[in-house]
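# Following is a predicted model, sequence given first.
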Amino acid sequence: MINGKPHSVEAPDTMPLLWALRDLLDFNGTKYGCGKGLCGACTVHVNGEAVRSCVTPISSLQNKEITTIEGADGNTLLKTVQEAWYDEDVPQCGYCQSGQIMNAAAFLSKNKNPDDDAINTAMNGNLCRCGTYVRVRRAIKKAAE
Ligand code: FES
């Protein structure tokens, strides 16, 4: 299930979810950064948990609920986070931002009133070459209101 709808792909078991999303299913909001689980650009949700899709083989995902940034309209928390991102003008080049938003939403589902330290710890692995970290923190706090 991706964003509430069933999908199937013909692909090797070891294919990373990121490849299936972008190349086979046209969910291009999820971005390729490092391809090694290091940057967070490819973050999606699997059963509500933030997961790096570049290192998640599709064979591990049967009967799992996958949410991508394209699923924001059907997901209240994700939509709230996305709107806070708009309100706080977070993106600069924008490339890493869908991964940032997905990680932030998974974090806020567990910590509804986070302080700066908790946000920094949770978002530590989502890299942004433009350095939008201050605005990311502000948007997470706004989304938590
Ligand atoms: Fe997956 Fe960097 S592209 S963590």
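That came through fine.

# Okay, domains of this structure per the record?
Annotated domains of the chain cover 17-70, 72-144 [automatic domain parsing].

# Let me see the mean pLDDT of the shortest one.
To tie it back to what came earlier, the one meant is domain 17-70. Across domain 17-70, pLDDT averages out at 97.

# That one: end-to-end distance?
Domain 17-70 has an end-to-end distance of 15 Å (C-alpha to C-alpha, to the nearest Å).

# In which helix or strand does the closest residue in space to V90 that isn't next to it in sequence reside?
Computed as C-beta to C-beta, 6 or more residues apart in numbering, the closest residue to V90 that is not its neighbour in sequence is R135, at 4.3 Å. (Each C-beta comes from the backbone N, C-alpha and C, glycine too.) Per DSSP states H and E: R135 is located in helix 133-144.

# cool, and A106?
Going by DSSP H and E, A106 is in helix 97-108.

# Let me know the distance separating the residue minimising distance to the centre of the chain from T14.
In the chain, the residue lying closest to the centroid (C-alpha atoms, centre = their mean) is M102, at 2.6 Å. From M102 across to T14, the span is 23 Å (C-beta to C-beta, to the nearest Å).

# E83 now?
37 Å.

# same check, this time on P57
P57 is 5 Å from T14, where distance means C-beta to C-beta.

# Report the contact partners of T132.
90-92, 97, 100 (C-beta atoms under 8 Å, 6 or more residues apart in numbering).
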